[in-house]
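Asker: Quick one, what's the 3D model for this:
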Amino acid sequence: RGNSIPEVRAIGYDARGVAAHIGALRRFIKVGAVDLLVAELGLYAVRPDLEGLGIPHLMRVMYPVLQELGVPFGFGTVRHALRQHIARLLGRHGLATIVTGVRVRSTLREVHLDKPPTRIEDVLIVVLPIGRSMSDW
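Answerer: Just a heads-up that it's a prediction; the model follows:
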């Protein structure tokens, strides 16, 4: 996380301008004791008048891109407040699995001598199986 620049950006347009956008960056994350290659998805947004339509479409657009990147999984985090929204949008289409009970450690954007350089968050993990099945997660 931090100041990472996405390798891939997808921007969707319609007659009114930018409709949605998302970025992806390949990286290794530690899942249990295993370093796992994923495409971290982030910087996503959908124009308010398209809410309920944009995220599933973004994921369908990104799926072949993630296949080209050669990653076994797409990965992202969302706040607990968005659980029902994300589950409804991605779960019903079978695009992703929400994983709960995971604590995520990430590096802070700015490091200060009086604070630890990392933070631990209790967030929801969204996993998109790309080159492997969820049982391999």
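Asker: Show me what secondary structure element comes after the helix or strand hosting Ile86.
Answerer: Here Ile86, judged by DSSP states H and E, is contained in helix 83-86. Next along the chain after helix 83-86, taking DSSP H and E as the criterion, comes strand 97-107.
Asker: if we can go back for a sec, on contacts alone, who are the packing partners of the helix holding Ile86?
Answerer: Under the contact criterion of 3 or more C-beta pairs under 8 Å, 6 or more residues apart in numbering; DSSP states H and E, helix 83-86 touches strand 118-129. No exception for glycine: its C-beta is placed from N, CA and C like everyone else's.
Asker: for the helix holding Ile86, what is the average pLDDT?
Answerer: If you average the pLDDT over helix 83-86, you get 75.
Asker: same thing with stretch 48-62?
Answerer: 76.
Asker: what's the first-to-last distance across it?
Answerer: End-to-end distance of stretch 48-62 (C-alpha to C-alpha, to the nearest Å): 20 Å.
Asker: Residues touching the lengthiest strand in the chain, excluding its own?
Answerer: In the chain, assigned by DSSP state E, the strand with the most residues is strand 17-31. For strand 17-31, contacts defined as C-beta atoms under 8 Å, 6 or more residues apart in numbering pick out 4-13, 35-47, 50, 54-55, 57-58, 62, 65-66, 69, 71, 74-75, 137.
Asker: that older thread, relative to the whole chain's centre, how far out is the helix holding Ile86?
Answerer: 14 Å (C-alpha atoms, centre = their mean, to the nearest Å).
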